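J.: build me a model:
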Amino acid sequence: MAGMPFMWAEAKRHFFDRRGLERLMRRQTLRALSKWGAFVRHRAREMVRKKKRSAPGQPPASPTGLYRDSIFFALDPDSLAVVAGPVRFSRSKTPPVPEILEHGGYVNTRDGRGAYIDPRPHMQPAADEVNDQLERLWAPSLK
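T.: Purely as a prediction, here's the structure:
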């Protein structure tokens with residue numbers, strides 16, 4: 001009986017460290033999510049060109065580069081979530097510019113009339129392209 005505690009300690013050493021494994025998987029998950037966010041941001045910025053206009057159905061144009069440079073990503077380590085997209089330009093009551101560009105919608109023009117803006121998707125196609133690579137981003141964490 002005297003050797004029992006030592007035997008239990010010796011046997012326990014041969015099992016994996018659950019907390020250590022959880023920490024490792026969390027770190028690898030955060031790394032993969034951060035890469036995903038960075039790749040989506042990069043691809044979306046590539047899709048938005050510096051030109052005068054864009055055709056409906058094509059990614060939007062950003063003549064000054066302001067819209068393209070407003071695309072960021074953020075990682076929330078507490079909820080293991082990542083968000084990528086353009087920041088909102090103003091807090092006005094009108095629909096936000098990024099939402100109108102992505103999905104289309106009505107805006108007020110300078111002369112007071114309304115106009116419909118056709119969708120110019122860029123964030124969803126960028127995310128779809130990167131989603132195809134998601135398994136490759138997570139693969140190193142499974143080794």
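
J.: rest of the way, CA atoms for contacts and neighbours
T.: Will do.

J.: can you pull the buried residues of the longest helix along the chain?
T.: Using DSSP state H to define each element, the chain has its longest helix at helix 18-47. Going by neighbour count (16 or more other C-alpha atoms under 10 Å), the buried part of helix 18-47 is 28-30, 32-45, 47.

J.: other SSEs contacting it?
T.: strand 71-76, strand 81-86, helix 123-131, helix 134-138 (3 or more C-alpha pairs under 8 Å, 6 or more residues apart in numbering; DSSP states H and E).

J.: and G114, which of those is closest to it?
T.: Nearest to G114 among the helices and strands packed on helix 18-47 is strand 81-86 (23.8 Å), distances taken as C-alpha to C-alpha.

J.: next secondary structure element downstream of the closest one?
T.: helix 97-103 (DSSP states H and E).

J.: the next helix or strand after that following helix: which residues count as buried?
T.: For helix 97-103, the following helix or strand on the C-terminal side (DSSP H and E) is strand 105-108. Buried residues in strand 105-108, defined by neighbour count with 16+ other C-alpha under 10 Å: G105, V107.
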